[in-house]
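Engineer: Prediction below, plus the sequence it came from.
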Amino acid sequence: MTVARPLTVADAPHLARIQVRAWHHAFGDVVLPEETPTVADQTEAWTVALTADVAGFAVDVADVVRGFVAYGLARDPDARNDGLGEIYALFVDPTAQGAGIGGLLLREAVGALRFRGFDGAVLWTLEAALAREMYERHGWVQDIEAVPDHGVLGVPEVRYRLEPLA
């Protein structure tokens, strides 16, 4: 049985590894590997985030982190003013994709945001992301068209919204 567990600061290097591997795997034709942040850069960023107010879950398979989700208060002013939460990141290691880990992590994050009192949430994803299909299957609706040069990779991203949190 696959279960999600809370993230800890000690997970930062694992999150960074998965995130960079997933970027290279899924977006290698959009962003050159040398243009993406390094595992060291992302480890530092995740250490800072997990030490602050970012929460999340990881899924371990055979004692190896295979996917994670991070969430918290929405960062966009309009979403924050509406009292929404945000899923900051959801990544599954390319070797574990298709096993239901992404859907499990998405459901866990939505449940945790609902438990924290949020009525809705947003998330940003690359316009070219295959994950968009998963978000839509789970009831998320695109609410902002592609924004060029958005996010860490500086490529077009779209925003999705889920209200109410189901």
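Structural biologist: Arrived safely.

Engineer: average model confidence for stretch 138-149?
Structural biologist: Stretch 138-149 carries an average pLDDT of 89.

Engineer: Would you indicate which residues of it are buried?
Structural biologist: Using 16 or more other CB atoms under 10 Å as the test for burial, stretch 138-149 gives 140, 144. Heads up, the C-betas are built off the backbone N, CA and C, glycines and all.

Engineer: burial of the closest residue in space to residue 41 that isn't next to it in sequence, as a residue count?
Structural biologist: Of all residues not flanking residue 41 in the chain, residue 16 sits nearest, at 7.7 Å (CB to CB, 6 or more residues apart in numbering). Residue 16 is flanked by 21 other residues according to other CB atoms under 10 Å.

Engineer: Report whether residue 16 is found in a helix, as I expect.
Structural biologist: Yes. Assigned with DSSP: H, G, I helix; E, B strand; the rest coil, residue 16 falls within a helix.

Engineer: OK, contacts around it?
Structural biologist: 39, 40, 41, 42, 43, 45, 46 (CB atoms under 8 Å, 6 or more residues apart in numbering).

Engineer: Who wins on neighbours among those?
Structural biologist: residue 46 leads these on contacts (other CB under 10 Å) with 24 neighbours.

Engineer: Mean confidence (pLDDT) on the one helix or strand that one maps to, please.
Structural biologist: Using DSSP states H and E, the element containing residue 46 is helix 39-51. The predicted model assigns helix 39-51 a mean pLDDT of 96.

Engineer: Show me what it is packed against.
Structural biologist: helix 12-27 (3 or more CB pairs under 8 Å, 6 or more residues apart in numbering; DSSP states H and E).

Engineer: Please determine how far residue 53 is located from residue 68.
Structural biologist: For residue 53, the distance to residue 68 equals 16 Å [CB to CB, to the nearest Å].

Engineer: neighbour-wise, which of those two wins?
Structural biologist: Set side by side, residue 53 and residue 68 show more neighbours around residue 68, with 26 against 8, by other CB under 10 Å.

Engineer: Next up, phi/psi of the more buried one, please.
Structural biologist: Here is the backbone geometry of residue 68 (degrees, to the nearest 10): phi -160, psi 160.

Engineer: Find the nearest non-adjacent residue to it, please.
Structural biologist: residue 58 (4.6 Å).

Engineer: those helices in this protein, which residues are they?
Structural biologist: Along the chain, counting by DSSP state H, helices occupy 12-27, 39-51, 77-81, 101-115, 131-137.
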